[in-house]
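*Asks:* here you go, sequence then predicted model.
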Amino acid sequence: MSGGLFILITLSTFLLGVAIVFGFYYFRSQQIIKLNKKGLQFKDWEMWDDAIRCFQRAIELDKNHALSYYNLGFVLYYGKKLIDAAIEAFETSLTKNDAFARTYYSLGHAQFHGKGDLENARANLTNAIHIDPDLAQAHTTMGLVEIKMENWKKAIEHFKTALSIDDSLESAYCNLAIALVYQGRNTEAREVSKKYVSLKPESAQARNNMGNIYGSCGMKEEAVKELLVSRSIDSNDWNVHFWLGCLWLQLGNYTKATSSFHHAIQLHGEFGLAHYNLALCYEGNNQKTHAKKHIERALELDPTLGENLI
(Lines give C-alpha, C1' and ligand atoms only; values in the text may rest on other atoms or scores of the structure.)
Protein backbone atom coordinates (compact mmCIF):
# COMPACT_ATOMS: atom_id res chain seq x y z
CA MET A 1 0.00 0.00 0.00
CA SER A 2 1.47 3.33 -1.01
CA GLY A 3 1.98 6.05 1.60
CA GLY A 4 -0.49 8.34 -0.13
CA LEU A 5 -3.22 5.72 -0.12
CA PHE A 6 -2.60 4.94 3.53
CA ILE A 7 -2.90 8.61 4.45
CA LEU A 8 -6.10 8.88 2.41
CA ILE A 9 -7.65 5.85 4.14
CA THR A 10 -6.58 7.10 7.57
CA LEU A 11 -8.01 10.55 6.87
CA SER A 12 -11.25 9.08 5.57
CA THR A 13 -11.57 6.88 8.66
CA PHE A 14 -10.93 9.86 10.92
CA LEU A 15 -13.50 12.01 9.12
CA LEU A 16 -16.04 9.19 9.27
CA GLY A 17 -15.45 8.87 13.01
CA VAL A 18 -15.86 12.60 13.45
CA ALA A 19 -19.08 12.50 11.43
CA ILE A 20 -20.44 9.64 13.52
CA VAL A 21 -19.62 11.42 16.79
CA PHE A 22 -21.05 14.70 15.49
CA GLY A 23 -24.16 12.89 14.28
CA PHE A 24 -24.63 11.23 17.68
CA TYR A 25 -24.40 14.48 19.62
CA TYR A 26 -26.53 16.34 17.09
CA PHE A 27 -29.23 13.67 17.19
CA ARG A 28 -29.12 13.63 21.00
CA SER A 29 -29.39 17.42 21.23
CA GLN A 30 -32.37 17.38 18.87
CA GLN A 31 -34.06 14.73 20.99
CA ILE A 32 -33.49 16.80 24.13
CA ILE A 33 -34.97 19.88 22.46
CA LYS A 34 -38.01 17.89 21.31
CA LEU A 35 -38.55 16.37 24.76
CA ASN A 36 -38.38 19.78 26.43
CA LYS A 37 -40.80 21.30 23.90
CA LYS A 38 -43.19 18.40 24.39
CA GLY A 39 -42.85 18.67 28.18
CA LEU A 40 -43.62 22.39 28.07
CA GLN A 41 -46.69 21.67 25.98
CA PHE A 42 -47.89 19.15 28.57
CA LYS A 43 -47.14 21.78 31.23
CA ASP A 44 -49.36 24.31 29.45
CA TRP A 45 -52.10 21.68 29.38
CA GLU A 46 -51.51 20.99 33.11
CA MET A 47 -50.66 17.37 32.31
CA TRP A 48 -48.00 17.40 35.00
CA ASP A 49 -47.00 13.73 35.07
CA ASP A 50 -46.55 13.60 31.31
CA ALA A 51 -44.44 16.76 31.45
CA ILE A 52 -42.26 15.28 34.20
CA ARG A 53 -41.64 12.14 32.16
CA CYS A 54 -40.49 14.23 29.19
CA PHE A 55 -38.03 16.25 31.26
CA GLN A 56 -36.73 13.15 33.02
CA ARG A 57 -36.09 11.45 29.66
CA ALA A 58 -34.23 14.56 28.50
CA ILE A 59 -32.06 14.41 31.62
CA GLU A 60 -31.34 10.72 30.98
CA LEU A 61 -29.97 11.71 27.58
CA ASP A 62 -27.80 14.49 29.04
CA LYS A 63 -27.29 14.71 32.79
CA ASN A 64 -25.64 18.12 32.34
CA HIS A 65 -28.57 19.81 30.57
CA ALA A 66 -29.43 22.69 32.91
CA LEU A 67 -32.67 23.69 31.16
CA SER A 68 -34.15 20.19 31.54
CA TYR A 69 -33.55 20.32 35.30
CA TYR A 70 -35.09 23.80 35.48
CA ASN A 71 -38.19 22.70 33.56
CA LEU A 72 -38.50 19.64 35.77
CA GLY A 73 -38.23 21.80 38.89
CA PHE A 74 -40.83 24.22 37.55
CA VAL A 75 -43.41 21.46 37.05
CA LEU A 76 -42.60 19.79 40.37
CA TYR A 77 -43.08 23.11 42.17
CA TYR A 78 -45.88 24.92 40.39
CA GLY A 79 -47.70 21.83 39.10
CA LYS A 80 -47.21 19.06 41.65
CA LYS A 81 -46.43 21.21 44.74
CA LEU A 82 -43.48 18.93 45.58
CA ILE A 83 -41.32 21.58 47.22
CA ASP A 84 -38.28 19.55 48.24
CA ALA A 85 -38.01 17.75 44.90
CA ALA A 86 -38.39 21.05 43.03
CA ILE A 87 -35.69 22.74 45.11
CA GLU A 88 -33.33 19.83 44.39
CA ALA A 89 -34.01 20.14 40.64
CA PHE A 90 -33.40 23.92 40.68
CA GLU A 91 -30.19 23.51 42.66
CA THR A 92 -28.97 20.83 40.26
CA SER A 93 -29.76 23.08 37.32
CA LEU A 94 -27.59 25.82 38.83
CA THR A 95 -24.65 23.41 39.17
CA LYS A 96 -24.87 22.94 35.40
CA ASN A 97 -25.45 26.60 34.53
CA ASP A 98 -25.20 29.31 37.18
CA ALA A 99 -26.05 32.19 34.85
CA PHE A 100 -29.81 31.64 34.44
CA ALA A 101 -31.72 34.29 36.41
CA ARG A 102 -35.06 32.49 36.34
CA THR A 103 -33.59 29.42 38.03
CA TYR A 104 -32.35 31.57 40.91
CA TYR A 105 -35.76 33.28 41.03
CA SER A 106 -37.71 30.00 41.07
CA LEU A 107 -35.40 28.54 43.70
CA GLY A 108 -35.77 31.64 45.87
CA HIS A 109 -39.54 31.60 45.39
CA ALA A 110 -39.75 27.95 46.45
CA GLN A 111 -37.50 28.51 49.46
CA PHE A 112 -39.57 31.49 50.61
CA HIS A 113 -43.14 30.36 49.89
CA GLY A 114 -42.57 26.63 50.31
CA LYS A 115 -40.09 26.45 53.19
CA GLY A 116 -40.08 29.86 54.87
CA ASP A 117 -36.29 29.93 54.39
CA LEU A 118 -35.72 33.68 54.35
CA GLU A 119 -31.93 33.79 54.22
CA ASN A 120 -31.47 31.38 51.31
CA ALA A 121 -34.46 32.84 49.48
CA ARG A 122 -32.99 36.31 49.77
CA ALA A 123 -29.57 35.12 48.56
CA ASN A 124 -31.01 33.42 45.48
CA LEU A 125 -33.35 36.28 44.64
CA THR A 126 -30.39 38.65 44.93
CA ASN A 127 -28.52 36.51 42.39
CA ALA A 128 -31.53 36.54 40.07
CA ILE A 129 -31.75 40.35 40.20
CA HIS A 130 -27.98 40.70 39.75
CA ILE A 131 -28.09 38.62 36.56
CA ASP A 132 -31.34 40.16 35.27
CA PRO A 133 -32.23 43.49 36.96
CA ASP A 134 -35.44 43.61 34.88
CA LEU A 135 -36.92 40.41 36.32
CA ALA A 136 -39.98 42.02 37.90
CA GLN A 137 -41.23 38.88 39.64
CA ALA A 138 -37.92 38.54 41.49
CA HIS A 139 -38.28 42.09 42.85
CA THR A 140 -41.84 41.33 44.00
CA THR A 141 -40.84 38.17 45.85
CA MET A 142 -37.82 39.95 47.32
CA GLY A 143 -40.21 42.61 48.61
CA LEU A 144 -42.18 39.92 50.45
CA VAL A 145 -38.96 38.55 51.95
CA GLU A 146 -38.05 42.04 53.16
CA ILE A 147 -41.49 42.43 54.75
CA LYS A 148 -40.96 39.20 56.68
CA MET A 149 -37.63 40.62 57.84
CA GLU A 150 -39.43 43.88 58.73
CA ASN A 151 -37.37 45.88 56.25
CA TRP A 152 -40.36 47.91 55.06
CA LYS A 153 -38.38 50.56 53.19
CA LYS A 154 -36.53 47.97 51.12
CA ALA A 155 -39.78 46.09 50.49
CA ILE A 156 -41.47 49.21 49.13
CA GLU A 157 -38.45 49.91 46.91
CA HIS A 158 -38.61 46.41 45.42
CA PHE A 159 -42.36 46.62 44.74
CA LYS A 160 -41.93 50.00 43.07
CA THR A 161 -39.04 48.67 40.98
CA ALA A 162 -41.19 45.70 39.91
CA LEU A 163 -43.95 48.06 38.74
CA SER A 164 -41.47 50.32 36.93
CA ILE A 165 -40.48 47.23 34.93
CA ASP A 166 -43.97 45.75 34.47
CA ASP A 167 -46.91 47.99 35.36
CA SER A 168 -49.37 45.11 34.86
CA LEU A 169 -47.95 42.99 37.69
CA GLU A 170 -50.97 42.58 39.95
CA SER A 171 -49.18 41.08 42.95
CA ALA A 172 -46.79 44.05 43.07
CA TYR A 173 -49.69 46.53 43.26
CA CYS A 174 -51.36 44.58 46.08
CA ASN A 175 -48.20 44.17 48.10
CA LEU A 176 -47.05 47.75 47.60
CA ALA A 177 -50.39 49.11 48.77
CA ILE A 178 -50.37 46.87 51.84
CA ALA A 179 -46.77 47.82 52.69
CA LEU A 180 -47.63 51.51 52.42
CA VAL A 181 -50.63 51.08 54.75
CA TYR A 182 -48.46 49.33 57.32
CA GLN A 183 -46.14 52.32 57.17
CA GLY A 184 -49.04 54.71 57.72
CA ARG A 185 -48.77 56.08 54.18
CA ASN A 186 -52.50 55.72 53.52
CA THR A 187 -52.79 58.38 50.82
CA GLU A 188 -50.03 56.74 48.76
CA ALA A 189 -51.63 53.33 49.32
CA ARG A 190 -54.95 54.57 47.95
CA GLU A 191 -53.27 56.12 44.91
CA VAL A 192 -51.47 52.86 44.12
CA SER A 193 -54.73 50.92 44.47
CA LYS A 194 -56.63 53.40 42.29
CA LYS A 195 -54.02 53.07 39.55
CA TYR A 196 -54.31 49.29 39.81
CA VAL A 197 -58.09 49.54 39.37
CA SER A 198 -57.73 51.96 36.45
CA LEU A 199 -55.43 49.49 34.67
CA LYS A 200 -57.54 46.43 35.55
CA PRO A 201 -61.14 47.64 36.04
CA GLU A 202 -62.54 44.14 35.48
CA SER A 203 -60.10 42.46 37.85
CA ALA A 204 -61.69 41.09 41.03
CA GLN A 205 -58.26 41.13 42.66
CA ALA A 206 -57.83 44.83 41.89
CA ARG A 207 -61.23 45.62 43.39
CA ASN A 208 -60.49 43.47 46.45
CA ASN A 209 -57.21 45.31 46.91
CA MET A 210 -58.96 48.69 46.69
CA GLY A 211 -61.64 47.53 49.12
CA ASN A 212 -59.07 46.24 51.60
CA ILE A 213 -57.11 49.50 51.45
CA TYR A 214 -60.26 51.57 51.99
CA GLY A 215 -61.19 49.31 54.89
CA SER A 216 -57.73 49.68 56.44
CA CYS A 217 -58.07 53.45 56.17
CA GLY A 218 -61.45 53.40 57.93
CA MET A 219 -63.36 54.27 54.73
CA LYS A 220 -65.97 51.54 55.16
CA GLU A 221 -68.63 52.79 52.72
CA GLU A 222 -66.03 53.10 49.95
CA ALA A 223 -64.71 49.64 50.82
CA VAL A 224 -68.19 48.15 50.48
CA LYS A 225 -68.62 49.71 47.01
CA GLU A 226 -65.37 48.15 45.76
CA LEU A 227 -66.15 44.73 47.20
CA LEU A 228 -69.61 44.80 45.65
CA VAL A 229 -67.99 45.35 42.25
CA SER A 230 -65.63 42.47 43.00
CA ARG A 231 -68.59 40.26 43.92
CA SER A 232 -70.29 41.10 40.64
CA ILE A 233 -67.14 39.97 38.80
CA ASP A 234 -66.64 36.77 40.83
CA SER A 235 -69.52 35.76 43.08
CA ASN A 236 -67.83 32.49 44.09
CA ASP A 237 -65.06 34.03 46.18
CA TRP A 238 -66.01 33.34 49.80
CA ASN A 239 -63.51 35.92 51.05
CA VAL A 240 -65.43 38.73 49.38
CA HIS A 241 -68.70 37.65 51.00
CA PHE A 242 -66.97 37.33 54.37
CA TRP A 243 -65.34 40.77 54.25
CA LEU A 244 -68.54 42.37 53.00
CA GLY A 245 -70.25 40.81 56.00
CA CYS A 246 -67.61 42.26 58.33
CA LEU A 247 -68.02 45.73 56.85
CA TRP A 248 -71.82 45.66 57.00
CA LEU A 249 -71.61 44.39 60.57
CA GLN A 250 -69.42 47.37 61.48
CA LEU A 251 -71.86 49.69 59.70
CA GLY A 252 -74.80 48.21 61.63
CA ASN A 253 -76.53 46.69 58.59
CA TYR A 254 -77.15 43.34 60.28
CA THR A 255 -79.49 41.95 57.63
CA LYS A 256 -76.99 42.33 54.77
CA ALA A 257 -74.16 41.15 57.01
CA THR A 258 -76.14 38.01 57.90
CA SER A 259 -76.71 37.20 54.23
CA SER A 260 -73.03 37.68 53.42
CA PHE A 261 -71.80 35.41 56.22
CA HIS A 262 -74.22 32.67 55.17
CA HIS A 263 -72.94 32.93 51.60
CA ALA A 264 -69.35 32.70 52.85
CA ILE A 265 -70.19 29.49 54.72
CA GLN A 266 -71.94 28.02 51.69
CA LEU A 267 -68.86 28.60 49.55
CA HIS A 268 -66.13 27.84 52.08
CA GLY A 269 -67.74 25.44 54.52
CA GLU A 270 -68.28 26.09 58.19
CA PHE A 271 -65.67 28.05 60.12
CA GLY A 272 -65.80 29.52 63.58
CA LEU A 273 -65.38 33.21 62.85
CA ALA A 274 -68.28 33.26 60.38
CA HIS A 275 -70.61 31.74 63.00
CA TYR A 276 -69.24 34.12 65.64
CA ASN A 277 -70.05 37.10 63.41
CA LEU A 278 -73.47 35.67 62.62
CA ALA A 279 -74.14 35.54 66.35
CA LEU A 280 -73.30 39.26 66.54
CA CYS A 281 -75.63 39.97 63.61
CA TYR A 282 -78.56 38.12 65.18
CA GLU A 283 -77.82 39.76 68.53
CA GLY A 284 -77.91 43.12 66.76
CA ASN A 285 -81.31 42.26 65.30
CA ASN A 286 -82.49 41.08 68.75
CA GLN A 287 -82.86 37.47 67.57
CA LYS A 288 -81.49 35.87 70.72
CA THR A 289 -82.27 32.24 69.86
CA HIS A 290 -80.36 32.42 66.54
CA ALA A 291 -77.53 34.30 68.21
CA LYS A 292 -77.18 31.57 70.87
CA LYS A 293 -77.16 28.81 68.25
CA HIS A 294 -74.39 30.45 66.23
CA ILE A 295 -72.18 31.36 69.19
CA GLU A 296 -72.36 27.76 70.37
CA ARG A 297 -71.44 26.51 66.91
CA ALA A 298 -68.59 29.03 66.70
CA LEU A 299 -67.11 27.74 69.95
CA GLU A 300 -67.45 24.13 68.79
CA LEU A 301 -65.45 24.93 65.66
CA ASP A 302 -62.94 27.28 67.34
CA PRO A 303 -62.81 27.25 71.16
CA THR A 304 -60.29 30.13 71.16
CA LEU A 305 -63.13 32.44 70.17
CA GLY A 306 -64.41 32.06 73.73
CA GLU A 307 -61.53 34.26 74.88
CA ASN A 308 -63.38 37.22 73.32
CA LEU A 309 -66.47 36.60 75.42
CA ILE A 310 -67.04 38.35 78.74
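*Replies:* Cool, the structure landed.

*Asks:* which stretches of the stretch 1-150 of the chain aren't confidently modelled?
*Replies:* For the stretch 1-150 of the chain, the stretches with pLDDT under 70 are 1-26.

*Asks:* any chance you could map the helices in it?
*Replies:* With DSSP state H, counting those that start in this stretch, the ranges of helices along the stretch 1-150 of the chain come out as 3-44, 48-61, 66-74, 83-96, 101-109, 115, 118-131, 136-148.

*Asks:* Serialize the ones you listed to a markdown table and add fields for distance to Phe242 and mean neighbour count.
*Replies:* C-beta here means a position set from N, CA and C on the backbone, and glycine is covered the same way. Below are these laid out as a markdown table (distance: least, Cβ to Cβ, whole Å; neighbours: other Cβ atoms under 10 Å):
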| stretch | distance to Phe242 | mean neighbour count |
| --- | --- | --- |
| helix 3-44 | 33 | 12 |
| helix 48-61 | 31 | 18 |
| helix 66-74 | 33 | 23 |
| helix 83-96 | 29 | 19 |
| helix 101-109 | 28 | 24 |
| helix 115 | 29 | 13 |
| helix 118-131 | 30 | 19 |
| helix 136-148 | 24 | 23 |
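
*Asks:* nearest to Leu180, out of those?
*Replies:* helix 136-148 (11.6 Å; Cβ to Cβ).

*Asks:* got the angle for that closest one vs helix 101-109?
*Replies:* Put simply, helix 136-148 runs at 30 degrees to helix 101-109, going by axes from the mean of the first three to the mean of the last three Cα atoms, to 10 degrees.

*Asks:* for helix 136-148, name the packing helices and strands.
*Replies:* In terms of contacts (3 or more Cβ pairs under 8 Å, 6 or more residues apart in numbering; DSSP states H and E), helix 136-148 is packed against helix 101-109, helix 118-131, helix 152-165, helix 170-182.

*Asks:* picking up where we left off before, in CSV, list the helices of the stretch 1-150 of the chain along with distance to Ala257.
*Replies:* Compiled in CSV, the helices of the stretch 1-150 of the chain are given as follows (distance: least, Cβ to Cβ, whole Å):
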stretch, distance to Ala257
helix 3-44, 43
helix 48-61, 41
helix 66-74, 43
helix 83-96, 39
helix 101-109, 38
helix 115, 39
helix 118-131, 38
helix 136-148, 31
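
*Asks:* returning to what we had before: using JSON lines, lay out the helices and strands packed on helix 136-148 together with distance to Lys194.
*Replies:* Converted to JSON lines, these look like this (distance: least, Cβ to Cβ, whole Å):
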{"stretch": "helix 101-109", "distance to Lys194": "29"}
{"stretch": "helix 118-131", "distance to Lys194": "28"}
{"stretch": "helix 152-165", "distance to Lys194": "14"}
{"stretch": "helix 170-182", "distance to Lys194": "10"}
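
*Asks:* mind checking which of these is nearest Gly143?
*Replies:* Nearest to Gly143, of all the helices and strands packed on helix 136-148, is helix 152-165, at 3.7 Å by Cβ to Cβ.
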